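> predicted model, plus sequence, below.
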Amino acid sequence: MCTCIYFIRVKGKGGLTPLHHVVRTGDADLLFKFLEVCPKGIEDVPVFHISVKDKFEAFQVLVRWLIRSRHEAAQRWEKEPISWADMEGKTVLHVAAIRNRPRVC
């Protein structure tokens, strides 16, 4: 377990974490740093959902990070985040279709 879990993955109001906030603001450098120190943060749903809704640049950082990651779960992460459902039962592809984001697909 990464020690940063107490900061990056702590849920605040609305169940969002600092990682979710960084995705929402689109700070690519800070997002990359968060993922480097706490790779399991990528598993926090709805990280990809938020990036598709709010910041395509953040989505690109998440995908690039997944491709380059050497974490033991990286192969699984490359396939699974797209199928993870948010609180409303929507996957990342559902959100992309609803928001008319063809570049995500």
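Ah, there it is.

> helices of the chain, start to end?
5-8, 18-25, 28-37, 47-54, 56-68, 74-79, 92-98 (DSSP state H).

> just checking, what packs against the fourth one?
In this structure, helix 47-54 makes packing contacts with helix 18-25, helix 56-68, helix 92-98, judged by 3 or more CB pairs under 8 Å, 6 or more residues apart in numbering; DSSP states H and E. In this view, the C-beta of every residue, glycine as well, is placed from N, C-alpha and C.

> just the helices of the chain: most buried one?
Per-stretch averages of neighbours, counted by mean count of other CB atoms under 10 Å, single out helix 47-54 among the helices of the chain, with a mean of 23.

> that one versus helix 28-37: what angle between them?
Orientation check (axes from the mean of the first three to the mean of the last three CA atoms, to 10 degrees): helix 47-54 against helix 28-37 gives 170 degrees.

> need the nearest residue in space to the spatially most central residue of the chain, chain neighbours excluded.
In the chain, the centroid-proximal residue (CA atoms, centre = their mean) is Val47; its distance is 3.0 Å. Take Val47 and drop its neighbours on the chain: the residue closest to it by CB to CB, 6 or more residues apart in numbering is Val23, 5.7 Å away.

> I figured that neighbour hits Leu30, correct?
No: at 9.8 Å, Val23 does not count as touching Leu30 under the criterion of CB atoms under 8 Å.

> if we can go back for a sec, okay if I get the helices and strands packed on helix 47-54 as CSV plus distance to Val104 and mean pLDDT?
Formatted as CSV, these follow (distance: least, CB to CB, whole Å; pLDDT from 0 to 100):
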stretch, distance to Val104, mean pLDDT
helix 18-25, 14, 92
helix 56-68, 6, 88
helix 92-98, 4, 92
